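**Q** quick check, what structure comes out for this input:
(one chain, ligands or ions: 1)
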Amino acid sequence: MKKLLAGIFGLLCATGVQARLNVVATTPDLASIAREIGGDKIELTTLARPTEDPHFVDARPSFIVKLNKADALIHGGAELETGWLRPLLEGARNAKIVSAAKGDVRCCEGVKMLEVPASLDRSKGDIHAAGNPHYLVDPENAKIVAHHIADAFGELDPTNREVYNASAKRFIESLDAKLVAWCEKLAPFKGQNIVAYHNSWLYFAERFGLKIDLFLEPKPGIPPSPAHLADVIAKMKSTGARVIIVDPYLNRKTAETVARETGATVVDVAQFPGGVKGTEDSYVALMDYLVNSLAKALGEKK
Ligand SMILES: [Zn+2]
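**A** Down below sits the predicted model:
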């Protein structure tokens with residue numbers, strides 16, 4: 001009898017483990033929100049590392065195995081991951097996560113996409129040819145994403161639907177409370193110019209009233225040239241821009257050279273939790289870091 005009970009208990013445990021949703025998220029920001037909502041009800045794999053360029057992720061063969069077994073794939077849906085994700089999906093052959101399947105969680109639905117061109121033109125190497133895909137640095141968009149993820153988890157795992165909805169609600173409420181504080185902190189710097197290496201901060205700038213429209217790259221994905229940098233330096237001098245932001249996978253040395261010429265400060269930023277030290281815990285921790293470090297740099301007297 002003891003043996004039989006132990007056997008049944010073992011079986012129940014095994015079923016319990018199997019019942020967890022198998023979730024793959026393309027990038028660590030999406031993964032962080034999925035974790036907030038899914039908690040211990042999901043088994044989560046993140047493909048891109050937080051310090052990796054999301055446009056050019058090193059696609060390892062193990063990703064195909066993960067995608068093959070996934071119940072849900074959480075992705076941006078705005079062509080950020082297209083270049084490396086498409087071949088992986090072809091290799092994974094998983095009907096559960098193909099386009100429009102229940103497990104295909106396309107997070108950009110309902111997000112107001114910015115810089116969408118009238119017509120597609122990839123000929124000049126522009127990797128934002130379908131519009132600016134870095135929408136998750138605006139916390140308002142994180143709320144939209146949280147809804148998508150909770151809805152998808154609820155569809156795939158109806159038993160826990162209420163848990164997912166309650167977690168999404170809690171996450172959104174925490175963002176709302178934080179948004180007030182973040183807006184207040186950056187309010188004194190409204191309209192100020194910040195230079196970015198890559199055009200991944202547009203949605204953040206729009207949300208907090210900053211101007212981040214001068215870039216070290218001449219076009220997204222095209223490395224800086226001396227002529228372009230000379231132009232940037234001249235523009236920085238005329239606009240009084242004093243801060244340059246750089247993601248971890250970009251060339252900080254280039255930013256430092258421009259900073260030396262202009263007296264600007266280089267600030268390390270990341271779109272992903274864990275991309276800069278101290279932001280590993282959550283999307284909120286990352287936003288806290290971004291708002292505080294920018295407010296500090298913009299507030300420094302020169
Ligand atoms: Zn980009």
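**Q** helix or strand for residue 108, just tell me which one.
**A** Here residue 108 is covered by no helix or strand, with elements defined by DSSP states H and E.
**Q** list the contacts for it?
**A** Residue 108 is in contact with 76-78, 133, 135, counting by Cβ atoms under 8 Å, 6 or more residues apart in numbering. Every C-beta, even on glycine, is put in place using the N, C-alpha and C of the backbone.
**Q** hmm, try it at 10 Å
**A** The contact partners of residue 108, taken as Cβ atoms under 10 Å, 6 or more residues apart in numbering, are 75-80, 131, 133, 135-136, 141, 144-145, 148.
**Q** in helices only, show me those.
**A** Using DSSP state H, the members of the contacts of residue 108 that fall in helices are 141, 144-145, 148.
**Q** what strand or helix carries the residue nearest the centre of the chain?
**A** Computing the C-alpha centroid of the chain and ranking residues by Cα atoms, centre = their mean puts residue 29 first, at 4.0 Å. In the assignment (DSSP H and E), residue 29 maps to helix 28-38.
**Q** give me the mean pLDDT for that helix.
**A** Averaged across helix 28-38, the pLDDT comes to 98.
**Q** which strands and helices lie in contact with that helix?
**A** In terms of contacts (3 or more Cβ pairs under 10 Å, 6 or more residues apart in numbering; DSSP states H and E), helix 28-38 is packed against strand 21-25, strand 42-46, strand 72-75, helix 139-156, helix 161-186, helix 283-299.
**Q** using CSV, write out every CA atom in it.
**A** In CSV, the C-alpha atoms belonging to helix 28-38 read as follows (Å, rounded to 0.1, in the frame of the first residue of the first chain):
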residue,chain,number,x,y,z
PRO,A,28,14.7,39.2,-21.8
ASP,A,29,12.2,42.1,-21.5
LEU,A,30,9.4,40.0,-22.8
ALA,A,31,10.6,37.1,-20.6
SER,A,32,10.6,39.3,-17.5
ILE,A,33,6.9,40.2,-18.1
ALA,A,34,6.1,36.6,-18.8
ARG,A,35,7.7,35.7,-15.4
GLU,A,36,5.6,38.3,-13.6
ILE,A,37,2.5,36.8,-15.0
GLY,A,38,3.3,33.1,-15.3
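**Q** any chance of the ones in helices among the contacts of residue 108 in TSV, plus pLDDT and neighbour count?
**A** As requested, these are exported to TSV (pLDDT from 0 to 100; neighbours: other Cβ atoms under 10 Å):
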residue	pLDDT	neighbour count
141	98	20
144	98	19
145	98	27
148	98	22
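**Q** can I get the buried part of the contacts of residue 108 as one ChimeraX selection?
**A** Buried subset of those, written as a ChimeraX selection, criterion 16 or more other Cβ atoms under 10 Å:
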select :75,76,77,78,79,80,133,135,136,141,144,145,148
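**Q** for the stretch 201-302 of the chain, which segments count as helices?
**A** Counting by DSSP state H, counting those that start in this stretch, one finds helices in the stretch 201-302 of the chain at the ranges 202-208, 226-239, 252-262, 283-299.
**Q** how distant is the longest one from the center of its chain?
**A** Put plainly, it is helix 283-299. 16 Å (Cα atoms, centre = their mean, to the nearest Å).
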